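*Asks:* dropping the sequence and predicted coords here.
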Amino acid sequence: MQSRELFEAMARSVVEGDSDAATELARRSVAAGIDPLEAINEGFVRGINFVGEEFSRENMFLPELVMAGEAMKSAIAVLEPEMAKAGAARKIHGKVVLAAAPGDIHDIGKSLVGTMLSAHGFQVFDLGVDVPVARVIEKVRDEGADIVGVSALLTTTMVGQRDVIEALKDAGLRSKVKVMVGGAPVTQEWAAQIGADAFGEDAVQAVTIARQLVGSPG
Ligand code: B1M
C-alpha cells in the first residue's frame with residue numbers, strides 16, 4: 001500500500017470508528033518506516049476532523065464521535081512509543097505541567113502535545129482531563145514547573161485557562177512559571193487577552209514554543 005492510500009485508510013478507520021483497523025494501520029505504518037507524527041496528521045487527524053465537521057452539521061452523532069475518538073486513541077497508542085523513542089537520550093530542557101481545562105474531557109490533542117514534549121526533552125507531568133485549577137497550581141508548586149500548559153477544546157472551557165493564570169497570580173507563582181495555552185478554539189488573541197505567555201497551534205509548534213519559553217531553542 002502506498003503512503004497516500006495508507007493515510008486515506010487511516011482517516012477512514014477513524015470515520016468508521018473501527019479501532020481494530022486503526023491499530024492495524026498504525027502498526028503497518030510503523031513497519032513501513034513512516035514518521036509517526038506524519039501518520040497522525042496526514043491520516044488519523046483528517047478522519048477525526050471530518051467526524052467533527054459532520055457532527056457540527058448533525059450528520060453524525062455523539063456515539064460516532066465517541067467511537068471515532070476511541071479509534072484515534074487506539075492508533076496513537078501504537079504510534080506514541082515510536083515518537084517517544086526519538087527523545088530517549090536527550091537532555092532535559094525543563095518541567096511541564098499539562099492539563100485539560102476544568103470541565104473538558106478531550107485528551108487526544110493534549111496527550112499528543114505531552115508526547116511530543118517528552119520526545120523533545122521535557123519532563124512532562126500530564127494531570128489528565130477535567131483538572132481542577134487548584135490541582136494544577138499544587139503541581140506547579142510541588143514540581144517547580146517551568147511551564148504550565150492548559151488545553152481547551154470547548155469554547156465553554158477556555159475560561160479555565162484564564163482561571164489558571166489568575167490562580168497562579170493569587171498563589172504568587174505567576175512570575176515563576178510560563179503559561180502556554182492551546183486547543184482547537186484557542187487563538188493568539190485569546191492567549192494575549194488572558195495574559196498567557198504563548199499559544200501553541202499544534203503539537204510541533206508547542207515544542208518550538210516550549211523551547212523558546214525556557215530559553216533552550218536547540
Ligand atoms: Co467533542 N467537541 N465534545 N468529543 N470533539 C469538539 C471539540 C467540537 C468542535 C465538535 C464539533 O461540534 N464540531 C465541539 C466543540 C464546540 C465548541 O465548543 N466550539 C465538541 C463538543 C460539542 C463536544 C461535546 C459537548 C458533545 C456532547 O456531549 N454533546 C462533548 C464535551 C465533553 C467535555 O469535554 N465535557 C464532547 C465529547 C467528545 C468525545 C468524548 C466524544 C471525543 C473526545 C475523545 C477524547 O479526547 N478522548 C470528542 C472528539 C473526538 C471531538 C473532535 C471531533 C476531535 C477532537 C480531537 O481529538 N482532535 C472535536 C472536533 C475537532 O476538533 N475537529 C470535538 C484531534 C486532535 C489531535 O486535535 O485536540 O485540536 P486537537 O489538538 C491539537 C491542537 O489543538 C493543539 O495540538 C494538538 C495536536 O496537534 N493543542 C495544543 C491541543 N491542546 C494543546 C495545548 C497546548 C498547545 C497545543 O499547550 C498547552
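*Replies:* Yep, that arrived.

*Asks:* so which elements touch the single longest helix found in the chain?
*Replies:* Counting residues, the longest helix found in the chain (DSSP state H) is helix 62-85. If you count contacts as 3 or more Cβ pairs under 8 Å, 6 or more residues apart in numbering; DSSP states H and E, helix 62-85 packs onto helix 3-15, helix 19-31, helix 36-38, helix 45-56, helix 108-119. Heads up, the C-betas are built off the backbone N, CA and C, glycines and all.

*Asks:* what's the pLDDT at the most centrally placed residue in the chain?
*Replies:* Compute the mean C-alpha point of the chain, and by Cα atoms, centre = their mean the closest residue is K110, 2.3 Å away. Looking at K110, its pLDDT stands at 96.

*Asks:* touching the lengthiest strand in the chain from outside, list them.
*Replies:* Secondary structure of the chain per DSSP state E: the longest strand is strand 94-100. Strand 94-100 has contacts (Cβ atoms under 8 Å, 6 or more residues apart in numbering) with 106-107, 110, 113-114, 117, 122-131, 135-136, 139-140, 143-153, 157, 164, 210, 213-214, 216.

*Asks:* burial of the residue nearest to the residue nearest to the centre of the chain when sequence neighbours are not counted, as a residue count?
*Replies:* Counting by Cβ to Cβ, 6 or more residues apart in numbering, K110 lies nearest to S151, which is 3.9 Å off, once chain neighbours are set aside. Neighbourhood size, S151 [other Cβ atoms under 10 Å]: 31.

*Asks:* surely S151 and I108 touch.
*Replies:* No: under the criterion of Cβ atoms under 8 Å, S151 is not in contact with I108, lying 9.9 Å apart.

*Asks:* picking up where we left off before, give me the buried subset of the contacts of strand 94-100.
*Replies:* Neighbour counting by 16 or more other Cβ atoms under 10 Å classes 106-107, 110, 113-114, 117, 122, 124-127, 129-131, 136, 139-140, 145-153, 157, 164, 210, 213-214 among these as buried.
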